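Asks: A structural model of the following input is requested.
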Amino acid sequence: MIKIDSSSFIPFYEQIKQGIKSRISQGILKPGEPLPSIRELATMLIINPNTVARAYRDLEKEGFIYTRKGKGCFVSDDSYAMVKKERVAILNKIFDEAIGEAAKLKLDSKDIKKIFERRLDMVVGHRKKGETK
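Replies: The predicted model follows:
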């Protein structure tokens, strides 16, 4: 299900959260679908159950999952929209940083748009070619 990189500086509970969010955004985990129990996931990942519990607790506070007493944790109905919103916020931050760097290089908005459109066409064009094969 989820992979943990023990050499990463990212805490295990954060890696679990990102793994679950990623699986939601890819449609692998669907609204209402149960997650593995805390003990199950801890055993699969060979980590402390408290680490999984913390990840689940955070995901529940953020609204990505919900808990039913005695039944377990489930993907919330709003989870896909929330993941998408989170990813858009990350992308906006990346764009803000790139635009700031472009401004430092004295590029005007017309130049930035041209560069962006060229890069977008290049990336999307490559994807389309790869998808048709």
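Asks: domain parsing for the chain?
Replies: Annotated domains of the chain cover 12-77, 80-132 [automatic domain parsing].
Asks: what about the first one, distance to the chain center?
Replies: The gap between the average C-alpha position of domain 12-77 and the chain average comes to 13 Å, counting by CA atoms, centre = their mean, to the nearest Å.
Asks: same thing with stretch 2-10?
Replies: 15 Å.
Asks: CSV for the domains of the chain, including distance to Lys3, mean pLDDT and mean neighbour count?
Replies: C-beta coordinates here come from the backbone N, C-alpha and C atoms, glycine included. Below are the domains of the chain laid out as CSV (distance: least, CB to CB, whole Å; pLDDT from 0 to 100; neighbours: other CB atoms under 10 Å):
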stretch, distance to Lys3, mean pLDDT, mean neighbour count
domain 12-77, 7, 95, 16
domain 80-132, 18, 86, 11
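Asks: Make a markdown table out of these and add distance to Ile4.
Replies: Below are the domains of the chain laid out as a markdown table (distance: least, CB to CB, whole Å):
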| stretch | distance to Ile4 |
| --- | --- |
| domain 12-77 | 5 |
| domain 80-132 | 20 |
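Asks: how about the strands in this structure?
Replies: Taking DSSP state E as the criterion, the chain carries its strands at 65-68, 72-75.
Asks: Give me the helices and strands touching the last one, please.
Replies: Based on contacts counted as 3 or more CB pairs under 8 Å, 6 or more residues apart in numbering; DSSP states H and E, the elements that strand 72-75 packs against are helix 49-62, strand 65-68.
Asks: export these to CSV and tack on distance to Asp96?
Replies: Output for the helices and strands packed on strand 72-75, formatted as CSV (distance: least, CB to CB, whole Å):
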stretch, distance to Asp96
helix 49-62, 23
strand 65-68, 30
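Asks: closest to Leu107 out of these?
Replies: helix 49-62 (36.9 Å; CB to CB).
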